[in-house]
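# sequence-free structure coming up:
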């Protein structure tokens, strides 16, 4: 072989050896699987999300807006935090992540959240994501005051958090009152106050936030005489005095602005005021009149019954006698 060919062959061999020596880049292990939660409005030491009783608590989204603020922020009307940030570490740099929820809990990716247009219609009960350099972030929220769960899985491991909502602002009142009551007698107004998602509020609306006003007859001003809240049934009761003369009386029930939720078009017009018309009547006079009507009807019946029984006695009708009243 010529010296020239030998030189070329040697150079080729050296090049091949260099290629073989280049190490193959493998997917690096990042660390153990882990999920940390931030943004709950209560202390993580006592409520770590491990059970329903220890659920992480977050505001239900007031004004249907999803907001994140770091932990231990108090509930605030229309501005309070309404999402929990879940920071995920995966064993592999690009592991697939799956998330599922139960109850009123839903989730969105950080990309969707960061767009700034997310609402409760944006979230989902299941999603998949891919870690970047072994990490990912998702946001969880809930529209229910009952505890639900979010389960995050990756690399063969999973983590479950229980989450429940806090609700303090009224979207809909559902109140009832009688159509009539005695002159100067009690008019009892009862019903519920719920948020835009249909939850009973987690704390009752205080008495000072309710106003019952007389609008007709000889009524005037605030008329609340007694106020009670049934914590089991989640119902409110207000007892007010009816007008002092016979006739129709009008009542309105309204809430202080501080406990009203903001209107959200997608949830319809809020019902935060109630109106009732209650007749003030002399019940003793009504009883006398009704007694007279019953007596007259009884007399008419007995007269007809006597004629019928007479026909039965004469065997002109094949029926049995009837009993007089």
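Thanks, I have the structure now. Because the structure is predicted, anything quoted here is derived from the model rather than measured.
# Let me see the mean pLDDT of the helix or strand containing residue 112.
If you go by DSSP states H and E, residue 112 is part of helix 110-114. Mean pLDDT, helix 110-114: 93.
# Any buried residues in that helix, and which?
Using 16 or more other C-beta atoms under 10 Å as the test for burial, helix 110-114 gives 110, 112-113. Bear in mind the C-beta positions are built from the backbone N, C-alpha and C, glycine included.
# for that helix, packing partners?
Packing contacts for helix 110-114, counted by 3 or more C-beta pairs under 8 Å, 6 or more residues apart in numbering; DSSP states H and E, involve strand 135-142.
# Contacts for the strand it packs on next, please.
The contact list for strand 135-142 (C-beta atoms under 8 Å, 6 or more residues apart in numbering) reads 30, 58, 60-61, 66, 68, 82-90, 97, 99, 101, 103-110, 113, 120, 123, 127, 129-130, 148, 150, 152, 161, 163-165.
# What about those residues, which are in strands?
With strands taken from DSSP state E, the overlap with the contacts of strand 135-142 comprises 58, 84-89, 97, 99, 101, 105-109, 127, 129-130, 148, 150, 152, 161, 163-165.
# Among those residues, the buried ones, what's the PyMOL command?
Selection command for PyMOL covering only the buried members of those, criterion 16+ other C-beta under 10 Å:
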select buried, resi 58+84+85+86+88+89+97+99+101+105+106+107+108+109+127+129+148+150+152+161+163+164+165
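# low-scoring stretches of the stretch 51-200 of the chain, by residue?
Low-confidence segments of the stretch 51-200 of the chain (pLDDT under 70): 71-79.
# sorry, that was for the stretch 201-325 of the chain
Judged by pLDDT under 70, the stretches of the stretch 201-325 of the chain that qualify are 220-224, 282-289, 292, 313, 315-322, 324-325.
# Break down it into its helices, ranges please.
283-313 (DSSP state H, counting those that start in this stretch).
# Distance check, the most centrally placed residue in the chain against residue 246.
Geometric centre of the chain, nearest residue: residue 199, 3.1 Å, by C-alpha atoms, centre = their mean. Distance, residue 199 to residue 246, by C-beta to C-beta, to the nearest Å: 42 Å.
# Residue 198 now?
The value you get for residue 198 to residue 246, if C-beta to C-beta is used, is 40 Å.
# can you check residue 96 too?
Residue 96 is 76 Å from residue 246, where distance means C-beta to C-beta.
# Residue 184 should be in a helix, yeah?
No: counting by DSSP: H, G, I helix; E, B strand; the rest coil, residue 184 is not part of a helix but coil.
# Counting neighbours, what do you get for the residue lying closest to it once chain neighbours are set aside?
Leaving out its chain neighbours, the residue that sits closest to residue 184 by C-beta to C-beta, 6 or more residues apart in numbering is residue 244, at 4.7 Å. For residue 244, the count of nearby residues is 13 (other C-beta atoms under 10 Å).
# Pull the contacting residues for residue 244.
By C-beta under 8 Å, 6+ apart, the residues touching residue 244 are 183-184, 218, 280.
# do that again at 10 Å, thanks
Contact partners of residue 244, counting by C-beta atoms under 10 Å, 6 or more residues apart in numbering, are 183-185, 217-219, 280.
# Which one of those residues is nearest to residue 274?
residue 219 (15.7 Å; C-beta to C-beta).
# burial count for that closest one?
20.
# Name the residues of stretch 144-159 that come out as buried.
Residues 144-145, 147-155, 159 are the ones in stretch 144-159 that count as buried (16+ other C-beta under 10 Å).
# which one of these sits closest to residue 208?
Of the buried residues of stretch 144-159, the one sitting nearest to residue 208 (C-beta to C-beta) turns out to be residue 145, at 22.9 Å.
# would you say the closest one is within a strand?
No: read with three-state DSSP, residue 145 is coil and lies in no strand.
# So it sits against residue 197, correct?
Yes: with contact defined as C-beta atoms under 10 Å, residue 145 reaches residue 197; the gap is 8.7 Å.
# shared neighbours, these two?
Counting by C-beta under 10 Å, 6+ apart, the shared contacts of residue 145 and residue 197 are 60, 104, 165, 167.
# which pair in those residues spans the largest distance?
So, these by C-beta to C-beta: farthest apart are 104 and 167, at 10.9 Å.
# Need the overlap of contacts for the two.
By C-beta under 10 Å, 6+ apart, the residues touching both residue 104 and residue 167 are 60, 143-145, 197, 199.
# all strands for the stretch 201-325 of the chain, in order.
For the stretch 201-325 of the chain, applying DSSP state E, counting those that start in this stretch gives strands covering 210-214, 224-230, 235-241, 247-255, 273-281.
# For residue 54, find the nearest of these.
The minimum distance between residue 54 and these falls on strand 224-230, with 26.5 Å, by C-beta to C-beta.
# The closest one pairs with which strands, and in what direction?
strand 235-241 (antiparallel) (DSSP bridges).
# still on that earlier bit, using TSV, please lay out the strands of the stretch 201-325 of the chain together with mean neighbour count and distance to residue 299.
TSV is the format used below for those (neighbours: other C-beta atoms under 10 Å; distance: least, C-beta to C-beta, whole Å):
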stretch	mean neighbour count	distance to residue 299
strand 210-214	19	43
strand 224-230	13	43
strand 235-241	19	39
strand 247-255	18	33
strand 273-281	17	26
